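Asker: Quick one, fold the following:
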Amino acid sequence: MHLGKDRIEIDGQPVASSSKIYLAMNKPRGVVATASDEKGRETVYSFLPQNLPWLAPVGRLDKASEGLLLLTNDSEWAARITAPETHLDKTYHVQINATADEALLQQLRNGIRASDDDFLGVKNARVLRSGERNSWIEIVLDEGKNRHIRRMLDALK
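Answerer: Sure thing, here's the model as predicted:
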């Protein structure tokens, strides 16, 4: 293969590369970030115009989460920004059913062994606001394991 010299053709016609598309979406709670769902739940694709080429989610937000979801047809870019070695910070605002104190934040910062023996850590955690029975905390991750924050908080119960 020779960069800049090789051509890809179908039936003698050159294949044009498609334009790269990058979308930012505010994913609503209750919607799944998948193309089709075996349980018939609403997907993020129901919010996109029908005339777009195939776009894939960059990372995941589960059904119960809402917030920024990136979608693209640039798989190389998506792989670069989600690769664990890039340590790209991801910031989450999480409501918990407890009053967060420094001890809880320190446990999160120190890392927690989940029930499946997986070690889960955060880059940073801080209280955003607290009420009588709950708090909003900001959690910054530079990695993203499956259900990372939910599993950490479940381990603290």
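Asker: and stretch 133-150, how far out from the chain's middle?
Answerer: Taking C-alpha atoms, centre = their mean, to the nearest Å, one finds stretch 133-150 lying 11 Å from the centre of the chain it belongs to.
Asker: residue ranges of the strands in this protein, please?
Answerer: Assigned by DSSP state E, the strands in the chain fall at 9-10, 13-14, 22-27, 56-58, 67-72, 90-96, 112-113, 119-120, 124-130, 135-141.
Asker: Including distance to T43 and mean neighbour count, could those go into a markdown table?
Answerer: Just so you know, the C-beta spots here come from the backbone N, C-alpha and C atoms, and that holds for glycine as well. What follows is the strands of the chain, written out as a markdown table (distance: least, C-beta to C-beta, whole Å; neighbours: other C-beta atoms under 10 Å):
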| stretch | distance to T43 | mean neighbour count |
| --- | --- | --- |
| strand 9-10 | 31 | 8 |
| strand 13-14 | 34 | 8 |
| strand 22-27 | 10 | 14 |
| strand 56-58 | 10 | 19 |
| strand 67-72 | 11 | 17 |
| strand 90-96 | 21 | 15 |
| strand 112-113 | 31 | 14 |
| strand 119-120 | 27 | 14 |
| strand 124-130 | 30 | 15 |
| strand 135-141 | 24 | 18 |
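Asker: Same list, the ones you listed, but as JSON lines with distance to E42 and mean pLDDT please.
Answerer: Below are the strands of the chain laid out as JSON lines (distance: least, C-beta to C-beta, whole Å; pLDDT from 0 to 100):
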{"stretch": "strand 9-10", "distance to E42": "36", "mean pLDDT": "81"}
{"stretch": "strand 13-14", "distance to E42": "39", "mean pLDDT": "79"}
{"stretch": "strand 22-27", "distance to E42": "11", "mean pLDDT": "95"}
{"stretch": "strand 56-58", "distance to E42": "14", "mean pLDDT": "92"}
{"stretch": "strand 67-72", "distance to E42": "14", "mean pLDDT": "94"}
{"stretch": "strand 90-96", "distance to E42": "22", "mean pLDDT": "92"}
{"stretch": "strand 112-113", "distance to E42": "32", "mean pLDDT": "90"}
{"stretch": "strand 119-120", "distance to E42": "29", "mean pLDDT": "92"}
{"stretch": "strand 124-130", "distance to E42": "29", "mean pLDDT": "95"}
{"stretch": "strand 135-141", "distance to E42": "26", "mean pLDDT": "94"}
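Asker: Could you point out which of these sits nearest I81?
Answerer: strand 56-58 (6.5 Å; C-beta to C-beta).
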